[in-house]
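Got a sequence here, can you model it:
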Amino acid sequence: MHEPVKGRLEDYLRGGGPFPEVEAHLRVCQSCQAEVASMRSQSLLLRSLQVSEDLEPSPGFYGRVMSGISSQARPSVWNLFGESVFAKRLAFASASFLLLLGSFLITPADTDQTIATGSPEAVLAGSSPDDQDERITLQDPEKDREAVLVNLASWRQGYQ
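Here you go, the predicted structure:
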């Protein structure tokens, strides 16, 4: 018998209508009477906590709160990268660097390039280490000087 009455106690306390069976049960049951009494005291306590409608913050309250928050905020490192000239220059330099790095990584390396293995005099004389009759021997500096001079004097554009 307690369960149907306990389920309707809130409606009874709210005063939603006549509840003759609840009232009849409350006259007989001491535990339900105690529960109704505790629910009424809790209801009174909750009503005392309600705020009246006319309570408004003082003028400028929100402004003071916001200024307090902004004054306590720590400056961030990211503020340097806001809408400043430094940020624009840094972005341009970064984009340029990425473009150069990307073009370096994409373009293939020339594998056909050969590095001269001889001395500078041999390169100027036009001889290679594979030649059988080397004109520059590096044995006789006077003869080598003449061979380099002859090669420089007879050099033509496109001649190889």
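
can you tell me which residues contact Val36?
Shown in contact with Val36 (Cβ atoms under 8 Å, 6 or more residues apart in numbering): Leu9, Tyr12, Leu13, Leu26. The way it works is simple: take the backbone N, C-alpha and C, and place the C-beta from them, glycine included.

Any buried residues in stretch 33-45, and which?
By neighbour count with 16 or more other Cβ atoms under 10 Å, stretch 33-45 contains the buried residues Glu35, Val36.

let me fix that: stretch 45-54
In terms of neighbour count (16+ other Cβ under 10 Å), stretch 45-54 has no buried residues at all.

can you give me the offset of that stretch from its chain's centre?
Using Cα atoms, centre = their mean, to the nearest Å, the mean C-alpha position of stretch 45-54 is found 46 Å from that of the whole chain.

CA atoms only for that stretch - export them in CSV, please.
What follows is stretch 45-54, C-alpha atoms only, in CSV (Å, rounded to 0.1, in the frame of the first residue of the first chain):
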residue,chain,number,x,y,z
LEU,A,45,14.1,25.3,2.5
LEU,A,46,14.2,25.2,-1.3
ARG,A,47,11.7,28.1,-1.6
SER,A,48,13.8,30.2,0.8
LEU,A,49,16.7,29.8,-1.6
GLN,A,50,14.9,31.4,-4.6
VAL,A,51,16.2,34.7,-5.7
SER,A,52,13.8,37.6,-6.3
GLU,A,53,13.3,38.8,-9.8
ASP,A,54,14.4,42.4,-9.2
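
Contacts for stretch 40-49 next, please.
Residues contacting stretch 40-49 (Cβ under 8 Å, 6+ apart): Leu13.
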